[in-house]
Structure formats: C-alpha cells, structure tokens
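>>> this one's structure only:
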C-alpha cells in the first residue's frame, strides 16, 4: 500500500483557508484534518480537539522536549504545532493529511518530507486583502496593520510553495475544486510511486 | 501574458498514447499538437502534415544542421523530430503544446525546458502489454519481441518523468480526464508564475 500525502494549506488571515479546508473535508475524500495544538485561548465557538487542541505553555514546551511535534512555531507570542500523532499514523496507513498552518511550520514540513505538497491560498491582491480585513469590522487598526505586514512576509515564501490558489470574491468553491484536483493528481506523480516499474515488469 | 507549457506524452507501442492525445485535443482546450517530422514511410491512412511531416533523410539531416529541430532521435533507423516551428511560436503566444514523442526526445525536451511536463502512459503491466501487442495480430513475432524489449528500456526512465498514467483496458477516457487534470493544475504551480508576488503586492 502506498503512503498518504501531506498537504499543507497556508495563507494570510482573510484568504479564506479555513473555509476552503472545511469544504474540502466535506467532500468525503481520503483526508484527515490535522488538528493543531495551540497555547492561545479558544475563541468563541471553538472546540477543544476539533478546531485546536488547547494546551498550556508548560504542556506545549514539554511536548517540544519530547519530540511530540512534527512542526511548531511561535506566532504573536503563542505556540502552534502539529502533534506527530495527528500526522504520522495516518500517512503510514495511506490516508492523506491536510494541515492548515502558517509559513514557518510549512517550511519545517517540507524539510522533513520532500513529498509534502505546499499550497498557498491568497486573495486576488494585497489591496483586496486590506479590504477584506477592514470589511470584517472586528479588528483594531493596529491588528489590521500587523496582519498586512505579516502577509507581506508570507508572500516572500511564495516560491517555496508548490502551488498557489487565488480565492476570488465569491468563488470559494472554485478554490475547493482546484485544491481537489491538485490532491488527485499527486497519485499520478512518478516520485510518489517509486516501486511502480518493478511491479509493472513482474506482472 | 504567461507562456504556454510543453506537455510530453510518451509510452510504449500498445499503450494507447495516440488515442489519449487525440481525445484530449478533441476537448477543445488551449492545446496545439506538435506534428513531428519523420523519415519513415507513411502508413496507410497517415496524412502528411497531420500525422507527421514526411521528409527525406537529406531534408532531416539538413534540418539538424540548421537547428530546425527542438529535439530529435533516430529510432529503428529512421529519424523522428519536433520542428522548432511546431513548438516555440505557440509557447511564446501562451498556447500549451503537446508532443507525442519517445523517451530520448523527452529527455532532450526536459533538458531544454525545466518547466516541461513529462507524462508516461503505460498499460497496467508488462504482460498486459504483451497481450495487446499479440492481440493486434498484425505484427511478426520478431517485431513484438523488439517492442517488448523497447518497453523495458523505456520504463527504466520512469523516474525522469513527472507523471505516469495507467491505461486500463476499456478505460481510456479515464486517462484523458487524468491528463486533463494534470494539464489544468500546471497553472497553479508557483514555478510557472514567478512574477505573481510582485503583481500581488502592486495591486
């Protein structure tokens, strides 16, 4: 049996990555969504074990020491990380895993697994991102400026990603379709099937 | 405007690559089929300029001297090659080009254009290939043995290809769909859009 593939979905706040990931999961494909651990406080409506595993700073640092995180990053003073238990057993069982993580974590994943597929989700333009962040009407100007600065840093890693998708306004299902196509085509990559020639010749 | 992508389709005799390529072309996508030149004699039903450009040995060698071939190979004593005129003007105009060529030519294309996408089409197994070649009932045992030996050589280059597709009996339209998906996802590759971050930030 062939192993599962690791898919990383990254993108600035306002790119719509949670929605894209949720809709992809709803399609009932062979995907496990990797629930990250974080030390930040749960937001309204977020459930422990569903949206994140909510842990204390001490627990997280204990986890780092014991190699319990496949990747982790400290972002605006809080830890975020992928527990090994959310990834390795699934991949070994041939199940694809989707991670919704930020760029630093994504770089760690690519370093550990060269077959991981990194996808960056972006709004059509920087000014569109600005409009979306302001349109939410829920965040302070300071926070908006921070998010915009962060987006600039993220796009600098554009060429470290394998694919990028543009989330045009009102076209989120297009992105889901494109991501699904990207996922489906991975099985046809020769590098994901190194044993095929031997099987071919012996059958 | 972004450039077109070069798609190379290779596969042993009996893999069904001509049919897959023809059905892909019928879908009316943004594809030009590159008509190869050859020095071999036309087979029944083959048209000059449609199936191949039929040229003399002298014409072909003159073309080689004048760099008129993007790639070429000598296969069973006959020349086969892709005229530059079948490829470069289309790519520059943003049109994708599909080449149906053998493995040596494919290696030359990849060397010249690292963004070229190499796809190997294969029957499900070596024994299935043997059955298909014998099933045609049109070829001598000697020719069948040659083709089988050639297929073994070709599969040795499996890992130089980007993708592979299995043409299961009676499932040729599945292969066409898969090839179409592979073609569509190329536009989402970051390496095919190196200017995107600048455009993003300036808009």
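Sure thing, it's come through. The structure presented is a predicted model; accordingly, all values stated were derived computationally and were not measured.
>>> what's stretch A:67-84 in contact with?
A:34-40, A:53, A:57, A:60-61, A:63-64, A:85-88, A:99, A:101-102, A:104-106, A:108-109, A:112, A:146 (CB atoms under 8 Å, 6 or more residues apart in numbering or on different chains). C-betas here are computed from N, CA, C, even on glycine.
>>> ChimeraX command to pick out the buried ones of those?
Buried residues among those (16 or more other CB atoms under 10 Å in any protein chain shown), as a ChimeraX selection:
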select /A:34,35,36,37,38,39,53,60,63,86,87,99,101,102,104,105,106,108,109
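>>> return the subset of the contacts of stretch A:67-84 lying in strands.
Cross-referencing those against strands under DSSP state E gives A:37, A:38, A:53, A:99.
>>> could you export these to CSV, including columns for distance to chain B and pLDDT?
Listed next are these as CSV, based on distance: CB to the nearest CB, whole Å; pLDDT from 0 to 100:
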residue, distance to chain B, pLDDT
A:37, 29, 98
A:38, 28, 97
A:53, 31, 97
A:99, 18, 97
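>>> kindly indicate which of the residues you listed lies nearest residue A:27.
residue A:99 (17.4 Å; CB to CB).
>>> where's residue A:141 relative to residue A:147, distance?
From residue A:141 over to residue A:147 the distance is 11 Å, taken as CB to CB, to the nearest Å.
>>> the two: which is more packed in?
residue A:147 (16 against 8; other CB atoms under 10 Å in any protein chain shown).
>>> for the residue found closest to the more buried one once you drop the neighbours it is linked to in the chain, which residues are in contact?
Nearest residue to residue A:147, sequence neighbours excluded (CB to CB, 6 or more residues apart in numbering or on different chains): residue A:13, at 4.9 Å. Each residue near residue A:13 by CB under 8 Å, 6+ apart is listed here: A:133, A:147, A:150, A:151.
>>> tell me the two of those residues that are most distant?
The widest separation within those (CB to CB) is 10.8 Å, between A:133 and A:150.
>>> higher neighbour count, the two?
More crowded of residue A:133 and residue A:150, by other CB under 10 Å: residue A:133, with 21 against 16.
>>> how about the secondary structure of that one?
helix (DSSP: H, G, I helix; E, B strand; the rest coil).
>>> residue A:120 versus that one, what's the distance?
In terms of CB to CB, residue A:133 sits 17 Å off from residue A:120.
>>> do the same with residue A:145
22 Å.
>>> what does residue A:13 give?
13 Å.
>>> where in chain A is pLDDT low?
A:1 (pLDDT under 70).
>>> got the residues of it near chain B?
Counting by CB under 8 Å from any CB of the partner chain, chain A comes close to chain B at A:120, A:122, A:124-128, A:152, A:155-156, A:158-159, A:161-165, A:178, A:181-182, A:184-185, A:188-191, A:193-194, A:196-197, A:199-203.
>>> could you rerun that using 6 Å?
Within chain A, the positions adjacent to chain B are A:125-126, A:155, A:158-159, A:161, A:163-165, A:181-182, A:185, A:188-190, A:197, A:200-201, A:203 by CB under 6 Å from any CB of the partner chain.
>>> of those, select the buried ones using a ChimeraX command.
Under the burial definition 16+ other CB under 10 Å, those of these that qualify are selected in ChimeraX by:
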select /A:126,155,158,161,163,164,165,181,182,185,188,189,190,197,200
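>>> which ones among the residues of chain A next to chain B lie within strands?
A:163, A:164, A:165.
>>> what would those look like in JSON lines with distance to residue B:73?
Below are those laid out as JSON lines (distance: CB to CB, whole Å):
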{"residue": "A:163", "distance to residue B:73": "33"}
{"residue": "A:164", "distance to residue B:73": "36"}
{"residue": "A:165", "distance to residue B:73": "38"}
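>>> between those residues, which is nearest chain B?
Using CB to the nearest CB, residue A:163 comes nearest to chain B of those, at 4.5 Å.
>>> show me the beta-bridge partners of the closest one.
Applying DSSP bridges to residue A:163 gives these bridge partners: residue A:119, residue B:189.
>>> picking that back up, have a look at residue A:145 and residue A:120 and say which one is more surrounded.
residue A:120 (28 against 13).
>>> hmm, that one is touching residue A:10, no?
Yes - using CB atoms under 6 Å, residue A:120 is in contact with residue A:10, at 5.4 Å.
>>> follow-up on the earlier one: could the ones in strands among the contacts of stretch A:67-84 go into CSV alongside distance to residue A:173?
Formatted as CSV, those follow (distance: CB to CB, whole Å):
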residue, distance to residue A:173
A:37, 30
A:38, 28
A:53, 29
A:99, 22
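>>> and which of these is nearest to residue A:137?
residue A:38 (24.9 Å).
>>> quick check: the residue nearest to residue A:147 vs chain B, distance?
For residue A:13, the distance to chain B equals 16 Å [CB to the nearest CB, to the nearest Å].
>>> what about that residue, which helix or strand?
In this structure, residue A:13 is located outside every helix and strand according to DSSP states H and E.
>>> repeat that for residue A:73.
With DSSP H and E as the criterion, residue A:73 is inside strand A:69-75.
>>> partner strands of that strand, with direction?
strand A:78-83 (antiparallel).
>>> residue A:161 is in contact with residue A:182, correct?
No - contact between residue A:182 and residue A:161 fails when scored by CB under 6 Å: they sit 11.4 Å apart.
>>> what's the domain layout of chain A?
A:6-34+A:95-201, A:35-86 (automatic domain parsing).
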